[in-house]
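Engineer: A predicted structure for the sequence below; I have some questions about it.
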Amino acid sequence: MTEAIDIAVRFAGVRLDRGRRTILSGIDLDVPRGSITAVLGPSGSGKSTLLAALTGELAPAAGTVEVFGQPVPQRQRALLELRKSIGVLLQGNGLLTDLTAAENIALPLRTHTSLPRPVIDRLVAMKLHAVGLRNAADLYPRELSGGMARRVALARAIALDPPLMVYDEPLTGLDPIASGVIMNLISELNDNLGLTSIIVTHHVHETLPVADRAVVIANGRIVFAGTPAELEASDDPLVRQFLRGEPDGPIAFDSAARTEAA
Ligand SMILES: Nc1ncnc2c1ncn2[C@@H]1O[C@H](COP(=O)(O)OP(=O)(O)OP(=O)(O)O)[C@@H](O)[C@H]1O
């Protein structure tokens, strides 16, 4: 087996700019196939920007981003193909309010496949089962708790059986019990379906237990990459400041983040 086959996502010498501003630079990162990688960092550090490069929303100003050995394409058609292999769970869930849970999950199947209705119904039932919501098929988003809605969004994200899952702040707005359920599901789905998962979050303590690898972003670069145990043991002042959530230290919080926190 070649090395490329074992690597699901590779960033090599990547610089990411927003307008004239460089948000991240010198990004070298390998995400092993089958792993769960937690991407951690303070608000405004560039975690979502990193994801945008992975899904092709933002082209790197320098370096290369590869998904399953292929450079993330710039051309729209090739990009749409790539995106079918990446399941994305966004903070806001993005469920359509006038569709039931089952109809929301069926949407990507209807849009991207020509499978007959009974097959789609079957697949939707399987996805609902996978997230533990077999009985919620006919409920509308307004009838779901926050944790249930997140699970429906997760079922929709895996509808097309993408080999790579990307989670952007999957715990936002959830109480500790619902958070535990979601983290367990992310971990179970990764193992049972043979996925690779990248979780962008500032919920360090909830995420590290299910992660194989952790990456910390701060001050425009990767300041740590290793196992969760290595992260906990790190004596790097930047890492310690982030883990302890201290406002003062070597991490320079940008003004946008400061305004948000105020
Ligand atoms: N579309 C955009 N146009 C211009 N600047 C942007 C855009 N998106 C993000 N930024 C800026 O890039 C920086 C990094 O933002 P990003 O959202 O990637 O950080 P983050 O670590 O995901 O933050 P959070 O944890 O708050 O979601 C911020 O200073 C932000 O203001």
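Structural biologist: Thanks, I have it. Residues are numbered from 1 along each chain as shown.
Engineer: hmm, residue 208 is touching residue 232, no?
Structural biologist: Yes: in terms of Cβ atoms under 8 Å, residue 208 counts as a neighbour of residue 232; the distance is 7.5 Å. For the C-beta atoms, the positions are set from N, CA and C on the backbone; glycine is no exception.
Engineer: so who does the closest residue to residue 9 other than its chain neighbours touch?
Structural biologist: Distance criterion Cβ to Cβ, 6 or more residues apart in numbering; nearest residue to residue 9, sequence neighbours excluded, is residue 31 at 4.0 Å. Residue 31 makes contact with 7-10, 37, 196, 198, 213, according to Cβ atoms under 8 Å, 6 or more residues apart in numbering.
Engineer: redo those as JSON lines? Include pLDDT.
Structural biologist: Output for these, formatted as JSON lines (pLDDT from 0 to 100):
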{"residue": "7", "pLDDT": "95"}
{"residue": "8", "pLDDT": "96"}
{"residue": "9", "pLDDT": "97"}
{"residue": "10", "pLDDT": "97"}
{"residue": "37", "pLDDT": "97"}
{"residue": "196", "pLDDT": "97"}
{"residue": "198", "pLDDT": "97"}
{"residue": "213", "pLDDT": "97"}
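Engineer: can you flag which of those belong to strands?
Structural biologist: Cross-referencing the contacts of residue 31 against strands under DSSP state E gives 7-10, 37, 196, 198, 213.
Engineer: residue 208 and residue 232: who's more crowded?
Structural biologist: Set side by side, residue 208 and residue 232 show more neighbours around residue 208, with 19 against 12, by other Cβ atoms under 10 Å.
Engineer: residue numbers of the stretch 1-150 of the chain in contact with the ligand?
Structural biologist: Taking Cβ under 6 Å from any ligand atom as the criterion, the neighbours of the ligand within the stretch 1-150 of the chain are 18-19, 23, 41, 43-49.
Engineer: could you redo the last one with a cut-off of 5 Å?
Structural biologist: Proximity of the stretch 1-150 of the chain to the ligand (Cβ under 5 Å from any ligand atom) is limited to residues 18, 23, 43-49.
Engineer: pLDDT check: weakest of the residues you listed?
Structural biologist: Least confident by pLDDT among those: that is residue 43, with 86.
Engineer: surely it and residue 217 touch.
Structural biologist: No: in this structure, residue 43 is not within contact of residue 217 by Cβ under 8 Å, at 11.1 Å.
Engineer: which one's more surrounded, the two?
Structural biologist: Applying other Cβ under 10 Å to residue 43 and residue 217 shows that residue 217 carries more neighbours, namely 25 against 13.
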